[in-house]
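> Next one to model:
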Amino acid sequence: MLASLAEISCASFSWSHVPALAPVRNLPDVTLARIGNRAWVRWPAGNERVLEQVLSLPGVVLFSHRDSHWSRFGCKLPAFDVPVSADYQPLHQVLTPDSFQTEKPLEFALRPTELALVPDDRLRPTTAALYSLPQLASWIEQIPTPRLNGIQAAHCGNQALLLGDRLPLLPDSERFWGSAILTPLGYRPDPLLPEGALREALAISEDKLVLWRQEGVETVDRRAFAPLTRAGVRLAAQESHSWMPLIAI
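Sure, this is the predicted structure:
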């Protein structure tokens with residue numbers, strides 16, 4: 001800010017423009033007086049916020065106080081029209097908000113909502129897939145080992161659940177989207193809430209994945225997953241009734 005502007009601490013303008021000072025009404029040491037149809041506002045020199053407000057007002061006249069007298073901005077001669085003894089009041093006492101009426105909030109009743117899977121045509125990336133072990137065993141013998149990088153797997157009985165970005169497309173497999181709530185592709189939860197809210201609604205802890213199928217909801221312990229290996233799939237033929245890592249022993 002120019003030094004000359006920094007010295008300004010008084011302004012006069014039409015009283016009709018006083019509402020434009022609302023953004024600075026809460027600042028200390030800003031006072032206002034009315035003389036006829038003119039408003040006179042004073043503030044400590046150097047307060048840029050007040051100066052920015054008054055500079056935008058039509059017909060504003062600026063004053064600075066120097067050598068015990070007031071001068072118009074840009075002039076060296078004293079200005080004797082500044083009302084020094086006027087009844088200046090704090091701006092927040094003169095400029096007050098309009099009156100308002102409170103309204104009673106609308107009444108509404110909380111109703112329980114049933115969670116369901118509904119059709120959804122939005123394209124979503126596959127993050128998990130469910131396979132039969134014979135299908136998975138046939139596929140894994142035909143692909144190179146680096147293709148398995150980044151895939152996590154667990155199995156229960158004759159089924160294997162794989163997590164990852166590049167999961168195989170095998171006949172009769174079921175594919176899912178989501179991270180904590182695994183939902184079938186082509187469907188979405190209704191209502192469509194954040195996964196954290198859905199997990200809370202289903203009363204399922206963060207250490208478990210939710211496998212949501214048309215048949216119902218099943219949980220899978222995250223500790224059941226391990227990197228997918230060819231040896232692990234071969235050994236997974238052993239019957240198991242709970243989700244376990246697909247790892248070789």
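> Per the annotation, how does the protein divide into domains?
Structural domains assigned to the chain are 3-94, 116-245, following automatic domain parsing.
> Let's have the ones you listed in TSV, adding mean neighbour count and distance to Ala109.
Every C-beta, even on glycine, is put in place using the N, C-alpha and C of the backbone. Converted to TSV, those look like this (neighbours: other CB atoms under 10 Å; distance: least, CB to CB, whole Å):
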stretch	mean neighbour count	distance to Ala109
domain 3-94	15	40
domain 116-245	16	17
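> Centre-most residue in the protein?
Among the residues of the chain, the one closest to the centroid is Pro194, at 13.1 Å (CA atoms, centre = their mean).
> Now tell me what touches stretch 99-114 from outside.
Residues external to stretch 99-114 that are found in contact with it (CB atoms under 8 Å, 6 or more residues apart in numbering): Pro191.
> Can I get it in PDB, CA atoms only?
Below are the C-alpha coordinates for stretch 99-114, written out as PDB (Å, rounded to 0.1, in the frame of the first residue of the first chain):
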ATOM      1  CA  SER A  99     -34.400  -8.000  12.000                       C
ATOM      2  CA  PHE A 100     -35.200 -11.600  11.200                       C
ATOM      3  CA  GLN A 101     -37.700 -14.200  12.400                       C
ATOM      4  CA  THR A 102     -36.800 -17.700  13.300                       C
ATOM      5  CA  GLU A 103     -38.600 -20.600  11.800                       C
ATOM      6  CA  LYS A 104     -39.400 -23.900  13.400                       C
ATOM      7  CA  PRO A 105     -37.600 -26.700  11.600                       C
ATOM      8  CA  LEU A 106     -39.700 -29.100   9.600                       C
ATOM      9  CA  GLU A 107     -40.700 -32.200  11.500                       C
ATOM     10  CA  PHE A 108     -39.700 -35.500  10.100                       C
ATOM     11  CA  ALA A 109     -39.900 -39.100  11.300                       C
ATOM     12  CA  LEU A 110     -37.100 -41.500  11.100                       C
ATOM     13  CA  ARG A 111     -38.000 -44.700   9.300                       C
ATOM     14  CA  PRO A 112     -36.000 -47.900   9.000                       C
ATOM     15  CA  THR A 113     -34.500 -48.600   5.500                       C
ATOM     16  CA  GLU A 114     -34.000 -52.100   4.200                       C
END
